[in-house]
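**Student:** A predicted structure for the sequence below; I have some questions about it.
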Amino acid sequence: MIPNVTREIIDLGDGRSISIETGKLAKQADGAVVIRMGDAMLLATVVSARSASPGIDFLPLTLDYREKFAAAGRFPGGFFKREARPTDGEILTMRLVDRVLRPLFPKDYHAETQVMIQLMSHDDDVMPDALAGLAASAALAMSDIPFETLISEARVARVDGKFIINPSKAQLDQSDMDMMIGASMDSIAMVEGEMEEISELEMIEAIKFAHESIKLQIAAQERLQAAVGKKEVRTYDEERSDDAILEKVYNASYDKYFAIANEGSSKQERSEKFSAVKEEVQAMFTEEELAENGDLISKYLSKSNKEAVRNVILDNGMRLDGRKTDEIRPIWCEVDYLPSTHGSAVFTRGETQALATVTLGTSREANIIDRPTEQGEENFYLHYNFPPFSTGEARPLRGTSRREVGHGNLAQRALKGMIPQDNPYTVRIVSEILESNGSSSMATVCAGTLAMMDAGIKMTKPVSGIAMGLISDEENGRWAVLSDILGDEDHLGDMDFKVTGTADGITACQMDIKIKGLNYEIMEQALNQARDGRLHILDKLTEVIDTPRAEVKRHSPKIIKVTIPGAFIGALIGPGGKVIQELQKETDTTIVINEVDEQGEVEILGTDPDGIDAVLRKIESITFKPKAGETYSVKVIKMLDFGAVVEYNDAPGNEVLLHVSEIAWERTENVSDVINMGDVFDVKYIGIDPKTRKEKVSRKALLPRPPRDENRPPREPRDNNRKDDRNSRNRDNKGGNTNKES
């Protein structure tokens, strides 16, 4: 039976369009759609359990995005030739969609839910991650799963001053910004991206431009939903509540929580006092009541705590650690902390601390990117580690988390634009979070800046970062923007807005909104307040080190790049790699050769300048080609009866014969009468002798020609008769005259 397919088209206004189709594929899922733009096609499905598992008090949402290699007509790498764990790029796309969707499910909906998005067909001119949010929301629109509002996402770039929605990779390479915006019809929910030092106003303009396109995408979802028939939202078991217990808990705890939040204290002190209040309240209930309603009591305690902390900020302008809303925590920094690394720095802001290290290498250490949608290398990359001890916890390590991938990527994008194009090194930064109480990713940006300057990387400008928060009271129209938020302020607040940049503009951002209706007035204040905080932090960084070190450290590798003609690559490598391997061993260097445009780009990495110089001399020797008519200095390395073998001083190992006839203008009977072993002198390169097909050099060509000797007797004229007699005798000898007597 032919499936009943329904389709809606979104016109992007420049000859491009996006289609949303449902009814053909994956009909057993609760909702399924196919999103198509050009030849790129994504299949999105959503399935949610009919009831929540016992004891679950949160939404177990799994957001999965995968790119199939078959979509690009490629085989997966590796031994098994099968897609395995998600790549960092796929994880980053999962996070982009998850951060918009998760807050939009009902707070009391706890059924296990899985959203799966798969790239089934790839188009080189379409970046599929920009379509993933639309795909997820459209799949939910086709289901009966409870969901607050439809959303979508769009990428915005700017080329030659003009904004572009969902640009191609080629357009993005020319753009001065790459921003992903997620939003509902009424409000911005997520912003993430990197920029080339744009202003706060330019960033807001880009967000507004993307929001208009998102509204069109949401309207298309609504039309599709109406065309297939909007499903009635499924019923589910709502959370249990008890007004009497709520009032009892609130009356016993709120004032105490308010007083603790209003006094300003450290994280540990505050945690201990909050825990004491919780124990006091729980002691008001019998064991039977705790057994029956313990989850409700804990829930209401958290609600009371949250309300008290928020009201302290809104009523008194006082934050948990005693700061004002725009105040930055105390900062101290140190560079060159680790003696053996190529660069290191410690950045501490309040109770957040990051230790960053820099490692320098050749192109061989570049990070390989191999995805169906992207292949290439990264010569600058950053890894972020968040061990459990940083928050005083003991928990098992289970590999790199999605959060670590996301935070590391944000810091990498914040810094990479300040790495000069002519930087010869592959640079790896590793950030170890040693303490965490708010904005460890921004601490990573600051520590990374310091560590690179300590390593001698010629950063264009230093970069700092800050995390902004928001506490709002929608009913009474009150709100407060918080600079440099704490972990509790992130958890209890309505916004987490991270902004990085130089003194001249924004380089990266990441914003998550937990409320509806964030207006642009709040966003503008947050950006301006972030700029003030960012500049304050920059001043603290430059007090420690204001410019990159003039040279890399003594124990750090030095790198030299030279280009050789492609014809000499084989000679430098040698048979089976013998030449290059022996050269690396003798000079204690690393040599990497890349063939680019029929030329060899040679990278020489080593800590000993003498070793690098030795490699350079060897390369010069291998690639040395003398030019006819030029003069070269040579050294005698071997004496012969008919001349001497000389070696070019500028290219050791390159030898040529200096024939006896080219040593001097005078007749030379014995070579040693004129030159000896080890003598150094100049010769003129004549070129290839057409008779011998060998290279020819001349010493005498550079010497003054002696004047003619007037007393020298003239040469006798040639006697043709004698010549005829010789020819006759030769003919007789060859002609077979056997008369010996004659």
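**Tutor:** Arrived safely, thanks for sending.
**Student:** can you give me the buried ones in stretch 380-396?
**Tutor:** By 16 or more other CB atoms under 10 Å, the buried positions in stretch 380-396 come out as Phe380, Tyr381, Leu382, His383, Tyr384, Asn385, Phe386, Ser390, Thr391. Bear in mind the C-beta positions are built from the backbone N, C-alpha and C, glycine included.
**Student:** contacts for that stretch?
**Tutor:** When contacts are defined by CB atoms under 8 Å, 6 or more residues apart in numbering, stretch 380-396 is touched by residues 268, 367, 397, 400-401, 403-405, 407-409, 411-412, 415-416, 419, 423, 426-437, 440-441, 444, 448, 487.
**Student:** gap between the two ends of stretch 165-184?
**Tutor:** Distance between the boundary residues of stretch 165-184 (CA to CA, to the nearest Å) amounts to 17 Å.
**Student:** how far does it sit from its chain's centre?
**Tutor:** Centroid separation for stretch 165-184 versus its chain: 17 Å, with CA atoms, centre = their mean, to the nearest Å.
**Student:** kindly report the same for stretch 159-175.
**Tutor:** In terms of CA atoms, centre = their mean, the centre of stretch 159-175 is found 19 Å from the chain centre.
**Student:** mind listing residues that contact that stretch?
**Tutor:** By CB under 8 Å, 6+ apart, stretch 159-175 touches 12, 16, 18, 37, 124-127, 130-131, 154-158, 178, 205-206, 209-210, 213, 374.
**Student:** next: stretch 603-611.
**Tutor:** By CB under 8 Å, 6+ apart, the residues outside stretch 603-611 that reach it are 361-363, 424, 554-562, 587-594, 612, 615-616.
**Student:** the contacts of stretch 159-175, buried ones only, as a ChimeraX selection?
**Tutor:** Per 16+ other CB under 10 Å, the buried members of the contacts of stretch 159-175 correspond to this ChimeraX selection:
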select :12,18,37,126,127,130,131,154,155,156,157,158,178,206,209,210,213
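**Student:** from the contacts of stretch 159-175, which land in helices?
**Tutor:** If you go by DSSP state H, these have Glu205, Ala206, Phe209, Ala210, Ser213 in helices.
**Student:** verify the stated contact: Asn676 with Ile637.
**Tutor:** No - counting by CB atoms under 8 Å, no contact exists between Asn676 and Ile637, whose distance comes to 11.5 Å.
**Student:** against Glu432, how distant is Ala443?
**Tutor:** 11 Å (CB to CB, to the nearest Å).
**Student:** confidence score at the residue minimising distance to the centre of the chain?
**Tutor:** The C-alpha lying nearest the average C-alpha coordinate of the chain belongs to Tyr381 (CA atoms, centre = their mean; 4.2 Å). For Tyr381, the pLDDT comes out at 96.
**Student:** for burial, what's the neighbour tally of Asp494?
**Tutor:** The number of residues packed near Asp494 is 19, by other CB atoms under 10 Å.
**Student:** over to it: give its phi and psi.
**Tutor:** Note on Asp494: its backbone torsions stand at phi -110, psi 0 [degrees, to the nearest 10].
**Student:** try Leu702
**Tutor:** Backbone torsions of Leu702, given as degrees, to the nearest 10, read phi -100, psi 0.
**Student:** pull out the buried residues from the contacts of stretch 603-611.
**Tutor:** Those of the contacts of stretch 603-611 that meet the buried threshold are 361-363, 424, 556-560, 587, 589-592, 612, 615, by 16+ other CB under 10 Å.
**Student:** next secondary structure after the helix or strand encompassing Tyr384?
**Tutor:** Element membership of Tyr384, judged by DSSP states H and E, is strand 380-385. Downstream of strand 380-385, the next assigned helix or strand under DSSP H and E is helix 402-416.
**Student:** from Leu301, how far out is Lys267?
**Tutor:** With the distance defined as CB to CB, Lys267 ends up 19 Å from Leu301.
**Student:** show me the strands in the stretch 201-350 of the chain, by range?
**Tutor:** In the stretch 201-350 of the chain, the strands defined using DSSP state E, counting those that start in this stretch lie at 331-335, 343-349.
**Student:** that should have said the stretch 551-700 of the chain, apologies.
**Tutor:** Using DSSP E, counting those that start in this stretch, strands in the stretch 551-700 of the chain cover 558-565, 590-596, 599-606, 631-640, 643-648, 655-659, 680-688, 695-698.
**Student:** mind putting those in JSON lines, distance to His491 included?
**Tutor:** Shown next, in JSON lines, are the strands of the stretch 551-700 of the chain (distance: least, CB to CB, whole Å):
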{"stretch": "strand 558-565", "distance to His491": "45"}
{"stretch": "strand 590-596", "distance to His491": "47"}
{"stretch": "strand 599-606", "distance to His491": "46"}
{"stretch": "strand 631-640", "distance to His491": "75"}
{"stretch": "strand 643-648", "distance to His491": "72"}
{"stretch": "strand 655-659", "distance to His491": "76"}
{"stretch": "strand 680-688", "distance to His491": "78"}
{"stretch": "strand 695-698", "distance to His491": "79"}
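**Student:** can I get these in a markdown table including mean pLDDT?
**Tutor:** As requested, the strands of the stretch 551-700 of the chain are arranged in a markdown table below (pLDDT from 0 to 100):
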| stretch | mean pLDDT |
| --- | --- |
| strand 558-565 | 90 |
| strand 590-596 | 91 |
| strand 599-606 | 92 |
| strand 631-640 | 91 |
| strand 643-648 | 90 |
| strand 655-659 | 89 |
| strand 680-688 | 90 |
| strand 695-698 | 90 |
